[in-house]
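Undergrad: below is the structure, and that's it, no one-letter string:
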């Protein structure tokens, strides 16, 4: 009896799965009988494998299709896109380039190529690819979204607003376009007046959208973000964060998924079992989040906790390998909300700790689901989430001014010290200032913070320091995007024009030279309202004085928290005038600076590798579990407010 085509396809896929290419080829020849070449059959096998999640088989099949017909555009494009999604970006880009040589007017290939260029941080080229896509296919929603998103990320706020308006006009039924326009925020704010204006606009737009009863299928697929730039305005964000979170819940009910083990009536954990703790971030690599939290992953008690780390497959480096090696379980999550939720739910966690809700869209939108009976977040992104399913926010006493629990939708947990087990950084041999193009014989005031932390209130303070010290130079580290630096310098030209000639910008030199820069500077300036975290720990490790003014919210009090733990407050200012006085004295009085540096070096040991912090965090997690007795509130709570010291 003659076999059917379906039988040959199933046989071929089975042979592909076990790596038997000889038998696979036999099936392909049977399927392609009478065809001039088997490229189309290999391509169909690749498609089927990909749909079934058999990515290795799909890769082999697409390669064989291309070998049979080198100019076969569908196979070239699908293989390149598969490589892109697997993180093989250079290979993917080569594949898209090869496909476009044969089909230069293919809009979808230009779009996918743009996604690859973004992965390589080739932002301008990516923007050009999206523009080409839209030129070839004006109805390409994906390219229009990515273009608007890139313009917003560049800090070209007005251009992004125009792009978002056009997107909303072109796709009037696209709820995501309306969300994107409503929540658009500038990266570098021009003034306090602009901050007030954009926050009013945000508030009014979200209320207007809520009244429209929009339906949103998947915010990740739509390319929506996590309101990241709200936190840099120096204002209380609770109301706005609650409003947008409520709107997302209303528009996309699937966000409020509940894991089976969190539902009523589900069997509880047996006495004596370890607590299943999940820790999740997109940034578990050589990044501030990786630096601050990799020690906690390693040092949590394995007698009490079974630790599962959830991350994504974007980068591999020494910190990522460290975390992976020290976790009990490492789960790589796909960039798909439904699939990621299912994978996390399958772990049947007791506690899920998000290190930085608000920095990344994936973890922000995952946090709307009930994936563990206890869900908490902490200072990786130091602002309330506004999300009902996040039960606790873990902070510390020195980070929080009196009454700060009012700024959180979560119950505020106050530890005795900053929640990190931080390894003392290893500094390279000293390089001279000339290695950065910086002048010798000048007093260097370094402010290496990311440029969106420069609040307009900080400008006049910088100007006052430079006016008091004619030999002073302010040193900044250039932004991720060229336009960020241009926007900030343009603002300085308006606000402190007399200081412009003494403001120097150096490009980010890589981690080793960056640490050296912190060590060879005279004074480091902490930005107002949202100061340094990881950078301040690095500078204090080197004995570099960091001048700080504690702010009204946690995000402006991290450096103060470190000094409080050190019991060394010489560089903590009482007000802005005092800040300028301390900074200039440190910059101009070498003997005083040497005494302060020696005091920091004598006291900074308490900041590093403090196992007491981990033990205190463990007790807090245990108490959270104890307080979650009986059935879990799968709906979340509308008001978790208050603080507790465990």
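TA: Great, that's in hand. Bear in mind that the values here come from a model prediction, so they are computed numbers and not experimental data. Residues are numbered from 1 along each chain as shown.
Undergrad: buried ones in the longest helix anywhere in the chain, by neighbour count?
TA: Looking across the chain with DSSP state H, the single longest helix is helix 192-212. Buried residues in helix 192-212, counted by 16 or more other C-beta atoms under 10 Å: 194-195, 198-199, 202, 205-206, 209-210. C-beta coordinates here come from the backbone N, C-alpha and C atoms, glycine included.
Undergrad: just checking, next helix/strand downstream of it?
TA: Using DSSP states H and E, the next helix or strand after helix 192-212 towards the C-terminus is helix 238-251.
Undergrad: can you give me the buried ones in that following helix?
TA: Neighbour-count burial for helix 238-251 flags 238, 240-249, 251 (criterion: 16+ other C-beta under 10 Å).
Undergrad: moving C-terminal of it, what's the next helix or strand?
TA: Downstream of helix 238-251 (by DSSP H and E), the next one is strand 275-280.
Undergrad: ok, residues contacting that next one?
TA: For strand 275-280, the external contacting residues (C-beta atoms under 8 Å, 6 or more residues apart in numbering) are 269, 293, 296-297, 300, 304-311, 327, 333, 344, 347-355, 363, 366, 371-372, 621-622, 625.
Undergrad: which ones among those residues lie within strands?
TA: Of the positions in the contacts of strand 275-280, 305-311, 351-354 sit in strands, assigned by DSSP state E.
Undergrad: closest one of the residues you listed to residue 175?
TA: Nearest to residue 175 among the ones in strands among the contacts of strand 275-280, counting by C-beta to C-beta, is residue 354 at 25.7 Å.
Undergrad: distance of the closest one from residue 362?
TA: Taking C-beta to C-beta, to the nearest Å as the criterion, residue 354 is separated from residue 362 by 11 Å.
Undergrad: can you check residue 611 too?
TA: Between residue 611 and residue 362 the computed distance is 31 Å (C-beta to C-beta).
Undergrad: higher neighbour count, these two?
TA: A side-by-side neighbour count of residue 611 and residue 362, using other C-beta atoms under 10 Å, places residue 362 first with 20 against 10.
Undergrad: hang on, that one packs against residue 333?
TA: Yes. The criterion here is C-beta atoms under 8 Å, and residue 362 meets it with residue 333 at 7.5 Å.
Undergrad: identify the contacts common to these two.
TA: 312, 340.
Undergrad: what segments of the stretch 401-550 of the chain are helices?
TA: Counting by DSSP state H, counting those that start in this stretch, the stretch 401-550 of the chain has these helices, from start to end: 456-468, 482-495, 511-520, 534-541.
Undergrad: chain center to the last one, what's the gap?
TA: Remark: helix 534-541 is offset 20 Å from the chain centroid, using C-alpha atoms, centre = their mean, to the nearest Å.
Undergrad: for the second one, same thing?
TA: For helix 482-495, the gap between its own C-alpha mean and the chain's C-alpha mean amounts to 24 Å (C-alpha atoms, centre = their mean).
Undergrad: how close does the closest residue to residue 601 other than its chain neighbours get to residue 516?
TA: Excluding its sequence neighbours, the residue lying closest to residue 601 (C-beta to C-beta, 6 or more residues apart in numbering) is residue 543, at 4.2 Å. Going from residue 543 to residue 516 by C-beta to C-beta gives 13 Å.
Undergrad: mind listing the strands for this structure?
TA: Using DSSP E, strands in the chain cover 275-280, 305-311, 329-332, 351-354, 374-378, 392-396, 411-415, 443-447, 472-477, 503-506, 523-525, 546-547, 643-644.
Undergrad: right, and these - which one's nearest residue 436?
TA: Residue 436 lies closest to strand 503-506 among the strands of the chain, at 4.8 Å (C-beta to C-beta).
Undergrad: what is the mean pLDDT for the closest one?
TA: Strand 503-506 comes out with an average pLDDT of 96.
Undergrad: sheet partners, orientation included, of that strand?
TA: Taking DSSP bridges as the criterion, strand 503-506 forms sheet pairs with strand 472-477 (parallel).
Undergrad: contact partners of the partner strand?
TA: 438-439, 442-448, 451, 462, 465-466, 485, 488, 499, 502-508, 514, 517, 521, 525, 584, 587-588.
Undergrad: residue 592: which of the buried residues of helix 238-251 is nearest?
TA: Minimum distance to residue 592 across those is 41.0 Å, recorded for residue 238 (C-beta to C-beta).
Undergrad: give the contact list for that closest one.
TA: Shown in contact with residue 238 (C-beta under 8 Å, 6+ apart): 384, 386, 406-409.
Undergrad: name the member of those with the most neighbours.
TA: Per-residue neighbour counts (other C-beta under 10 Å) across the contacts of residue 238 peak at residue 384, which has 30 neighbours.
Undergrad: using CSV, please lay out the strands of the chain together with distance to residue 262 and mean neighbour count.
TA: Shown next, in CSV, are those (distance: least, C-beta to C-beta, whole Å; neighbours: other C-beta atoms under 10 Å):
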stretch, distance to residue 262, mean neighbour count
strand 275-280, 12, 23
strand 305-311, 16, 21
strand 329-332, 18, 14
strand 351-354, 10, 25
strand 374-378, 10, 25
strand 392-396, 16, 25
strand 411-415, 18, 22
strand 443-447, 45, 23
strand 472-477, 44, 22
strand 503-506, 49, 17
strand 523-525, 45, 28
strand 546-547, 43, 26
strand 643-644, 22, 16
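Undergrad: now those as JSON lines including distance to residue 433?
TA: JSON lines is the format used below for the strands of the chain (distance: least, C-beta to C-beta, whole Å):
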{"stretch": "strand 275-280", "distance to residue 433": "40"}
{"stretch": "strand 305-311", "distance to residue 433": "38"}
{"stretch": "strand 329-332", "distance to residue 433": "42"}
{"stretch": "strand 351-354", "distance to residue 433": "40"}
{"stretch": "strand 374-378", "distance to residue 433": "37"}
{"stretch": "strand 392-396", "distance to residue 433": "36"}
{"stretch": "strand 411-415", "distance to residue 433": "39"}
{"stretch": "strand 443-447", "distance to residue 433": "7"}
{"stretch": "strand 472-477", "distance to residue 433": "9"}
{"stretch": "strand 503-506", "distance to residue 433": "10"}
{"stretch": "strand 523-525", "distance to residue 433": "14"}
{"stretch": "strand 546-547", "distance to residue 433": "19"}
{"stretch": "strand 643-644", "distance to residue 433": "45"}
